[in-house]
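> no FASTA, just this:
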Ligand SMILES: Nc1nc2c(ncn2[C@@H]2O[C@H](COP(=O)(O)OP(=O)(O)OP(=O)(O)O)[C@@H](O)[C@H]2O)c(=O)[nH]1
Ligand SMILES: [Mg+2]
């Protein structure tokens, strides 16, 4: 018997509530039907296009072999995974978009964790902890003082509604546990393996349990021992230790980390087989997880008003301020966007995915076929970016791995990782990330160590390494956006780093100081005095800024090259402002394009990208000037530049002179 698609639709709808939603309206006229079918065909075309792009990328990936290996290094939360995501967004956008839905669970968990951190910080038990901790911290302040705690943190603003908030938000505490289990559930390929409970991991601290001979992801639960080598718990300024209301320590404060050698995205797709393709976002297809009563979105959605009330409560904010718990700086901060994130049909945006925090354990690698650009090194070649998880084995594995350029045996978890690590033997370039906003933060695993000082030590270890003497190094002084906010909020660098002295506490001076400091360390310890160091001031969560830098990494003449040190500084100045720039408003954008145009033959690269500031700087142009344009609106080419309205102001900066 031949059935029409309508029949199939009706049959499917009996068992599938989603299909019912997709059924054509009962009294559809022939014209409406035609329109609907045309709409559906269009949607299918878009969807097929995406599938084809993904397929092509896969084929490309299989055909090519990695020819350029870039290693991402830096302390935990320095931004390595985020940089990887930016590369992915730039070079394999379809794959990036295809994974957006899977990040929903991580974003939910990040949001729920922020709420719980507030509740924990407001709890009466937290005040008792502050009493205990302060003595330890004061004693521990050596060269760089750790995060001092003001007396107001101990007895300060009371939050009259605390109990009410705790009660209204109780479902979120359970949701946190559920999401953690979901995220750390084993692959679908292992249907017989039950999700591991947190108790199973209590003492594993990143070790792996085997199921059917294969590794399964674990929740890493660091110990609170200050000398332990375990993971940092808190991403930002130290927060109160996590306690349950009765004061016993809780697993819930621990950061979730999933080993990357498993197909974690599959595990992340909420609802298993009911997980939805991002196609639906483009085509308007309705495949709603919101129809599933078990989906976490319902608990979140129901708690959204309570979350909003908590976050908007002036007493709460005052108390957090007193405790110096700056959640805005935290990894995975979504509290300012509660209604959007908790909406039933929420689909993460690119920016949401970039902000999402999931700790990396093990080795993660992404390969890109870089076909744009004119340089002879990267053009048409396959580039592999490798991130080394920092804390999965005791004893700072980065330094161990890098100094041996080979892992310790226990850090190799399978053939795939072994393969990746073998690739490291032929590493061409290192991107080292140092989050310079962290100057007032301490490592969670050791409250005596300032995070920035830890980065400097790591930097020294990497740059002094003899085996890496001929590897180009690109330094990302990262989280500049947070640095700027912090300095604007009046946090003083010299309170935490005495060597800064009485220099001005503004962004330009501070960033210059850090550039010089990292540069000087490299200069003094590098075994290869000829090696060029490329330094960028970055905010890798910001796509428009990072794209420009990534384009530089991918298109310069030497592997990993961005340009000589002095040149890179100017790139940073461009992105974040420099006193030395001449400022001159420009009335007509075409003038800029024209004046560039006359030198076009000599212009090596003309880059344009989104930039949020309505101002411009124009340095004198000469016949041998390389130009960079940073626009107030998105634009990807000079052609687009000339199409912008005449009154749009741009920033133009000379970044180097051609030899
Ligand atoms: N505001 C801001 N946030 C950033 C920046 N770079 C990274 N982040 C955020 O910081 C958090 C940590 O970044 P990751 O990329 O996960 O850090 P990582 O170095 O991979 O950390 P591990 O996997 O633990 O080694 C994420 O939530 C990022 O979104 C930045 O420049 N600015
Ligand atoms: Mg990571």
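Now that the structure is in, tell me what you want to look at. Keep in mind that what you see is a predicted model, and the values were worked out from it rather than measured. Ligands and ions are numbered 1, 2, ... in the order given.
> okay, now residue 440: neighbour count?
The tally of other residues near residue 440 (other CB atoms under 10 Å) stands at 26. Just so you know, the C-beta spots here come from the backbone N, C-alpha and C atoms, and that holds for glycine as well.
> that one contacts residue 495, doesn't it?
Yes - under the criterion of CB atoms under 8 Å, residue 440 makes contact with residue 495 at 7.4 Å.
> per-residue pLDDT, residue 227?
We have a pLDDT of 31 for residue 227.
> check residue 183 too.
So, for residue 183, pLDDT stands at 76.
> surely it and residue 109 touch.
Yes - counting by CB under 8 Å, residue 183 touches residue 109, with 6.7 Å between them.
> got phi/psi on the closest residue to ligand 2 within the stretch 301-450 of the chain?
Going by CB to the ion, ligand 2 is nearest to residue 360 of the stretch 301-450 of the chain, at 3.0 Å. Torsion angles at residue 360 (phi, psi; degrees, to the nearest 10) stand at phi -90, psi 130.
> also residue 480?
Here is the backbone geometry of residue 480 (degrees, to the nearest 10): phi -60, psi -30.
> wait, it sits on residue 435?
No - Residue 480 is not in contact with residue 435 according to CB under 8 Å; the separation is 9.3 Å.
> what strand or helix carries residue 527?
Using DSSP states H and E, residue 527 is not contained in any helix or strand.
> that one: what's it in contact with?
The neighbourhood of residue 527, defined by CB atoms under 8 Å, 6 or more residues apart in numbering, consists of 464-466, 469.
> show the buried residues in those residues.
Neighbour-count burial (16 or more other CB atoms under 10 Å) applied to the contacts of residue 527 gives 464-465.
> can you lay out the contacts of residue 527 as CSV showing secondary structure?
Converted to CSV, the contacts of residue 527 look like this (DSSP: H, G, I helix; E, B strand; the rest coil):
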residue, secondary structure
464, coil
465, coil
466, helix
469, coil
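> from the contacts of residue 527, which is closest to ligand 1?
Nearest to ligand 1, judged by CB to the nearest ligand atom, of these is residue 465 at 19.1 Å.
> got the residues of the stretch 501-650 of the chain near ligand 1?
Within the stretch 501-650 of the chain, the residues that sit near ligand 1 (CB under 6 Å from any ligand atom) are 539-541.
> again, only using 8 Å
538-542 (CB under 8 Å from any ligand atom).
> show me the helices in the stretch 251-400 of the chain, by range?
With DSSP state H, counting those that start in this stretch as the criterion, the stretch 251-400 of the chain has helices at 264-268, 279-283, 296-312, 314-322, 338-341, 350-355, 397-404.
> show me the contacts for residue 433.
By CB under 8 Å, 6+ apart, the neighbours of residue 433 are 72-74, 78-80, 83, 476, 478, 538, 540.
> where's the residue lying closest to it once chain neighbours are set aside relative to ligand 1, distance?
Spatial nearest neighbour of residue 433, chain neighbours left out: residue 74 (3.4 Å); criterion: CB to CB, 6 or more residues apart in numbering. Using CB to the nearest ligand atom, to the nearest Å, residue 74 is found at 5 Å from ligand 1.
> okay, now residue 74: neighbour count?
For residue 74, using other CB under 10 Å, the count is 26.
> tell me the contacts of it?
Taking CB under 8 Å, 6+ apart as the test, what residue 74 contacts is 80, 390, 432-435, 455, 458, 476, 478.
> just the pLDDT for residue 77.
Value listed for residue 77 in the pLDDT field: 87.
> that one and residue 331 touch, don't they?
Yes - proximity of residue 77 to residue 331 meets the contact threshold set by CB under 8 Å, at 5.8 Å.
> between the two, which is the more surrounded one?
Under the criterion of other CB under 10 Å, the comparison of residue 77 against residue 331 puts residue 77 first, with 27 against 21.
> contacts only, for the nearest residue to residue 343 once chain neighbours are set aside.
Using CB to CB, 6+ apart and skipping residues adjacent in sequence, the residue nearest residue 343 is residue 301, 7.2 Å away. Residue 301 sits next to 342-344 when contact means CB under 8 Å, 6+ apart.
> now do the helices in the stretch 401-550 of the chain.
For the stretch 401-550 of the chain, applying DSSP H, counting those that start in this stretch gives helices covering 415-424, 451-463, 480-488, 507-525, 543-555.
> how about the residues of the stretch 351-500 of the chain by ligand 1?
Neighbours of ligand 1 within the stretch 351-500 of the chain, by CB under 8 Å from any ligand atom: 354-361, 387, 389-391, 433, 435, 437, 478-482.
> many thanks, I have nothing further to ask.
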